[in-house]
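J.: Give me the fold of what follows.
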Amino acid sequence: MQEFAFADIPEQTGKTAIVTGSNTGIGYEIARHLARKGARVVLACRDGDKAAQAANELKSGPERLDIDTLHLDLENIATVRESAVKASKEDRIDILINNAGVMMPPLSHATAGTELQFAVNHLGHFAFTALLFDKLAENGGARIVTQSSIAHKSGDIDFGNLDAAQGYDKGRFYSQSKLANLLFAIELDRRLRAANSGVASIACHPGVAASELTRHIKWSGIVQPVMKTILNTSEQGALPALQAATDPAAQGGDYFGPRGLLEARGNTSGRAFKSKRARDEKLADRLWAKSEELTGVAFTV
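T.: The predicted structure is shown next:
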């Protein structure tokens, strides 16, 4: 597959995309580029005020972008259910980009008691995707894009400590959540193929990009200007997700990332490296079952 750049994004008129965590950073840039290509874009965000501000910014230009907002609190499965009901009222959903995330916060927990990073980055998206799946499948050819990270390479799933009761290392738990993202995307692809579904599950990662995601990292205010110089901007970090969502050559099971140094940076995107654990079918199947148990949401393709 050839490298993919912003100029390669095809026309998206007539399509509707939902982008989680899109009021700022990488998600905002994903939404902006999709809307500029003609898509109707729904900003699915936890903070309604920030989402409204982002929507107003996007709609205020001369291009008259088609932007709407949806309240989505991924750490609370009850509100995820409510948000999915509202999202299902869209005439169609062609693209779902599971982009929202939290990175290395102090230890905290989601409503159900699971450690926050695993709950928000993986479980909330698992449930939201499951609850929207029938809508995504209505028109055939929809794409589900899940944002992972190069941090997945050092991740493993500690099923006995998902609530961090036996100890918490914020970096290890972040890597765990990003491995869960990639395991989910690949396992969803397997199930979609087995069901002969027209829906495609594709994963991506942004490399190392300066964005709001780094707000919990010590010295992030000092580090971010340096990151913008030597690594990816938020806009560059959005490109792999845009390739996953729009590239006509992309297929279910693909995983895209920057083509620069160690997959950390670059102005083009292409196929990225999946760790051995990310390709472990037994691990993915166990994670799927555990995700259904923890969310109370059955995901049948």
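J.: mind listing the strands for this protein?
T.: Assigned by DSSP state E, the chain shows strands spanning 16-20, 40-45, 67-71, 95-98, 143-147, 200-204, 255-258, 269-271.
J.: Could I get the average pLDDT for the first one?
T.: Strand 16-20 shows an average pLDDT of 98 in the prediction.
J.: Name the surrounding residues that touch it.
T.: Applying C-beta atoms under 8 Å, 6 or more residues apart in numbering, the external contacts of strand 16-20 come out as 27, 30-31, 34, 39-45, 70, 72, 74, 87, 90-100, 125, 128, 132, 245. All C-beta spots, glycine's among them, are computed from the backbone N, C-alpha and C.
J.: Look up the pLDDT of the nearest residue to Leu188 once chain neighbours are set aside for me, please.
T.: The shortest distance from Leu188 to any non-neighbouring residue, by C-beta to C-beta, 6 or more residues apart in numbering, is to Ser201 (3.9 Å). On pLDDT, Ser201 comes in at 98.
J.: Is Ser201 bridged to anything, and to what?
T.: Under DSSP bridges, the beta-bridge partners of Ser201 are Ile144.
J.: Measure how buried it is and give me the count.
T.: By other C-beta atoms under 10 Å, 27 other residues sit near Ser201.
J.: if I pick it, what's in contact with it?
T.: 143-144, 146, 185-186, 188-189, 192, 252-253.
J.: Out of the strands of the chain, which is closest to Arg81?
T.: With distances scored as C-beta to C-beta, the stretch of the strands of the chain nearest to Arg81 is strand 67-71 (12.3 Å).
J.: Give me the distance from the closest one to the chain's centre.
T.: With C-alpha atoms, centre = their mean, to the nearest Å as the basis, strand 67-71 stands 16 Å off its chain's centre.
J.: for stretch 274-285, same thing?
T.: Distance, centroid of stretch 274-285 to centroid of chain: 18 Å (C-alpha atoms, centre = their mean).
J.: Also stretch 27-46?
T.: Here the centre of mass of C-alpha atoms in stretch 27-46, compared against the chain's by C-alpha atoms, centre = their mean, lies 13 Å away.
J.: Between the two ends of that stretch, how far is it?
T.: 13 Å (C-alpha to C-alpha, to the nearest Å).
J.: Show me the helices in the stretch 1-150 of the chain, by range?
T.: 25-36, 48-59, 77-87, 116-117, 125-137 (DSSP state H, counting those that start in this stretch).
J.: do you know which of the ones you listed lies nearest Ala209?
T.: helix 25-36 (6.1 Å).
J.: and Leu58, how many neighbours does it have?
T.: The number of residues packed near Leu58 is 20, by other C-beta under 10 Å.
J.: can I assume it is in contact with His33?
T.: No - Leu58 is beyond contact range of His33, at 10.7 Å (criterion: C-beta atoms under 8 Å).
J.: circling back to that earlier point, as CSV, the helices of the stretch 1-150 of the chain with distance to Ala209 and mean pLDDT would be great.
T.: Shown next, in CSV, are the helices of the stretch 1-150 of the chain (distance: least, C-beta to C-beta, whole Å; pLDDT from 0 to 100):
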stretch, distance to Ala209, mean pLDDT
helix 25-36, 6, 98
helix 48-59, 18, 97
helix 77-87, 26, 98
helix 116-117, 18, 98
helix 125-137, 19, 98
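J.: I'd like these as a markdown table, with distance to Ala165 appended.
T.: Shown next, in a markdown table, are these (distance: least, C-beta to C-beta, whole Å):
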| stretch | distance to Ala165 |
| --- | --- |
| helix 25-36 | 31 |
| helix 48-59 | 32 |
| helix 77-87 | 20 |
| helix 116-117 | 14 |
| helix 125-137 | 22 |
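J.: mind checking which of those is nearest Ser234?
T.: With C-beta to C-beta as the measure, helix 25-36 is the member of the helices of the stretch 1-150 of the chain nearest Ser234 (4.7 Å).
J.: Does that closest one pack against any helices or strands, and if so which?
T.: Secondary-structure packing of helix 25-36 (3 or more C-beta pairs under 8 Å, 6 or more residues apart in numbering; DSSP states H and E): strand 16-20, strand 40-45, helix 48-59, strand 95-98, helix 234-246.
J.: Which one of the ones you listed lies nearest to Leu116?
T.: Of the helices and strands packed on helix 25-36, nearest to Leu116 by C-beta to C-beta is strand 16-20, at 15.5 Å.
J.: I'm done for today, thanks for sticking with me.
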